[in-house]
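Asker: test case, fold it:
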Amino acid sequence: MAKSQKIKHIAVAGNIGAGKTTLTELLARHYRWTAQFEDVEHNPYLNDFYEDMPRWSFNLQVYFLNNRLKQLLEIQNGAQTVIQDRTIYEDAQIFAPNLHEMGLMPKRDFDNYYQFFETVKSMLRPPDLLIYLNASVPTLVGNIQKRGREYEENIRLDYLKRLNEYYNTWISKYREGPLLIVDADTNKFAEDVEDLGKIISRIDAQFHGLF
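Answerer: The predicted structure is shown next:
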């Protein structure tokens with residue numbers, strides 16, 4: 001990264017229940033960054049999707065892609081440093097392929113969606129830093145149960161396990177930019193200030209390397 005280039009985009013990635021929103025909030029507060037979150041409360045497809053995945057999978061993924069694109073354009077065109085809860089890559093590299101492999105998104109829809117993603121990706125800059133929260137299925141389940149979102153009650157263990165496998169494959173091949181991996185099983189940043197401090201120290205070290 002050029003020395004004169006300001007760091008504008010930090011992204012937090014991870015499976016459902018990994019702690020993305022919590023870490024995004026904590027880091028935004030610490031660094032005085034602007035936080036961008038997934039708007040799960042106003043998503044018109046989520047409840048329908050969890051009730052009937054084959055019918056609504058394509059609609060849901062296009063909705064996510066459109067919203068993520070709008071967020072990224074705002075980041076690129078704005079002057080603030082933004083930390084983003086979930087990335088555009090996760091939609092295309094994890095959730096859509098998983099739905100397709102499970103028979104929940106037809107090949108025609110998946111191919112159409114993925115080509116759309118590739119076009120969108122070609123127009124965007126990758127994050128200046130990607131933070132990946134790596135969590136086991138028991139940790140994910142515990143966090144999901146704690147927050148008690150109604151539409152997440154029917155998420156199956158095998159679904160979370162499959163998503164984790166896709167995440168591990170994606171992260172092992174991620175070459176878009178700087179990457180910081182946090183073990184969310186052992187680092188309890190949500191309730192332990194010292195654990196949060198460990199993440200902040202690693203981010204600081206990463207940023208010093210970028211300047």
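Asker: per-residue pLDDT, Ile7?
Answerer: For Ile7, the pLDDT comes out at 86.
Asker: center of this protein, which residue is that?
Answerer: Arg86 (2.2 Å; Cα atoms, centre = their mean).
Asker: ok, now which ones touch it?
Answerer: 11-13, 20, 38, 68 (Cβ atoms under 8 Å, 6 or more residues apart in numbering). All C-beta atoms are positioned from the backbone trio N, CA, C, and that covers glycine.
Asker: so among those residues, where is pLDDT lowest?
Answerer: Glu38 (78).
Asker: which helix or strand contains Ala18?
Answerer: Using DSSP states H and E, Ala18 sits within no helix or strand.
Asker: same thing with Ile181?
Answerer: strand 179-183.
Asker: now Phe189
Answerer: Applying DSSP H and E, one finds Phe189 in no helix or strand.
Asker: surely it meets Lys20?
Answerer: No - using Cβ atoms under 8 Å, Phe189 is not in contact with Lys20; the gap is 11.3 Å.
Asker: so between those two, which is more surrounded?
Answerer: Using other Cβ atoms under 10 Å as the criterion, Phe189 and Lys20 rank with Lys20 on top: 25 against 21.
Asker: so which helix or strand takes in Ile83?
Answerer: Going by DSSP H and E, Ile83 is part of strand 82-85.
Asker: count of neighbours near Ala200?
Answerer: If you look again at residue 200, you'll see it is Ile, not Ala. Burial measure for Ile200: 15 neighbouring residues, criterion other Cβ under 10 Å.
Asker: cool, and Ala18?
Answerer: The local packing of Ala18 (other Cβ under 10 Å) involves 26 other residues.
Asker: same question for the one 5 residues further on.
Answerer: Taking other Cβ under 10 Å as the criterion, the count of residues near Leu23 is 23.
Asker: where does the nearest residue to it once chain neighbours are set aside land in three-state SS?
Answerer: Residue nearest to Leu23 in three dimensions, not counting chain neighbours: Val12, with 5.6 Å by Cβ to Cβ, 6 or more residues apart in numbering. The local conformation at Val12, judged by DSSP: H, G, I helix; E, B strand; the rest coil, is strand.
Asker: go on, Glu118?
Answerer: Glu118 - assigned by three-state DSSP - is helix.
Asker: quick one: it from Asn112, how far?
Answerer: 11 Å (Cβ to Cβ, to the nearest Å).
Asker: neighbour-wise, which of the two wins?
Answerer: Just comparing Glu118 and Asn112: by other Cβ under 10 Å the higher neighbour count belongs to Asn112, 13 against 10.
Asker: other residues contacting the helix or strand containing that one?
Answerer: In the assignment (DSSP H and E), Asn112 maps to helix 107-122. Outside of helix 107-122, the residues within contact range by Cβ under 8 Å, 6+ apart are 57-58, 61-62, 65, 69, 88, 91-92, 96-97, 99-100, 105.
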